[in-house]
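Chemist: no sequence for this one, just the structure:
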């Protein structure tokens, strides 16, 4: 019995010591992990704060004086565009010696060479160089206020440049232009000729024809240009 009691006491002491050692080891591990987590937290990079979305606010209206200045500036720009166009037109008139240096073909009487909607650039003859047979000229007389684009069919030179007699005809017409001249007039004079065609651009002037023949197209074009002008000004 004494031997059994001693064995039981030794086994209980060993079990108690083992349990105490395990508890001490677990406590030490937990303390070490806590220190490691704290150190990681201290040394971790600080995250920037999440920005808060700003509420969109309408910009304040510009002062009245600024609006007036912008309107004046837009008016000056438009005036400069018009003045530049007039200057270019007048310069062309002086250089080409023609009252209308650029014309748009309105009919198909000169087909197949020149078509309706083509843009012609003219040059006026001088006294040193009279019109020649085969020249494509633009003329206007009292019977036709709208310029006509036709080819010279005959030329009869007179004593002076102004006495030169000219007969024209459209390439696509059967007869000459005497039916288009005023009653009793059989010939044109150099004073009737606005200029000789030196260059033409195909179909470039067709927009002008559409604007003259279709008011709806003209209003649509003007409205579109005005719409884009308003958008550009708003930006």
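Modeler: Received the coordinates, thanks. Owing to the predicted nature of the structure, the values given are computational and were not obtained by experimental measurement.
Chemist: Contact partners for residue 97?
Modeler: With CB atoms under 8 Å, 6 or more residues apart in numbering as the criterion, the residues that contact residue 97 are 123, 124, 126, 195. For glycine as for every other residue, the C-beta is placed from the backbone atoms N, C-alpha and C.
Chemist: So which of those wins on neighbours?
Modeler: The most crowded member of those, judged by other CB atoms under 10 Å, is residue 195 (24 neighbours).
Chemist: who touches that residue in this structure?
Modeler: Per CB under 8 Å, 6+ apart, neighbours of residue 195: 96, 97, 98, 100, 101, 122, 123, 124, 125, 137, 138.
Chemist: which SSE is it in?
Modeler: Element membership for residue 195 (DSSP states H and E) is strand 193-201.
Chemist: for the chain, which spans come out with low pLDDT?
Modeler: Per-residue confidence of the chain (counting by pLDDT under 70) places the weak regions at 1-67, 69-71, 127-128, 218, 227-235.
Chemist: which residues in it form strands?
Modeler: 102-104, 119-123, 136-141, 144-156, 165-169, 193-201 (DSSP state E).
Chemist: just so I know, which of these lies nearest residue 85?
Modeler: For the strands of the chain, the distance to residue 85 is smallest for strand 102-104, at 11.7 Å, taking CB to CB.
Chemist: name the helices or strands packed onto the closest one?
Modeler: For strand 102-104, the elements it packs on are strand 119-123, judged by 3 or more CB pairs under 8 Å, 6 or more residues apart in numbering; DSSP states H and E.
Chemist: hmm, who's touching the strand it packs on?
Modeler: Counting contacts by CB under 8 Å, 6+ apart, the residues outside strand 119-123 that touch it are 96-98, 100-105, 114, 138, 149, 194-201, 204-205.
Chemist: ok, of those residues, which come out buried?
Modeler: Listed as buried from those are 96, 98, 100-105, 114, 138, 149, 194-197, 200, 205; burial here means 16 or more other CB atoms under 10 Å.
Chemist: I'd guessed residue 139 sits against residue 148; true?
Modeler: Yes: under the criterion of CB atoms under 8 Å, residue 139 makes contact with residue 148 at 5.9 Å.
Chemist: any shared contact partners between the two?
Modeler: residue 168.
Chemist: hang on, the earlier thing: between the strand holding residue 195 and strand 136-141, how many degrees?
Modeler: In terms of direction (axes from the mean of the first three to the mean of the last three CA atoms, to 10 degrees), strand 193-201 departs from strand 136-141 by 140 degrees.
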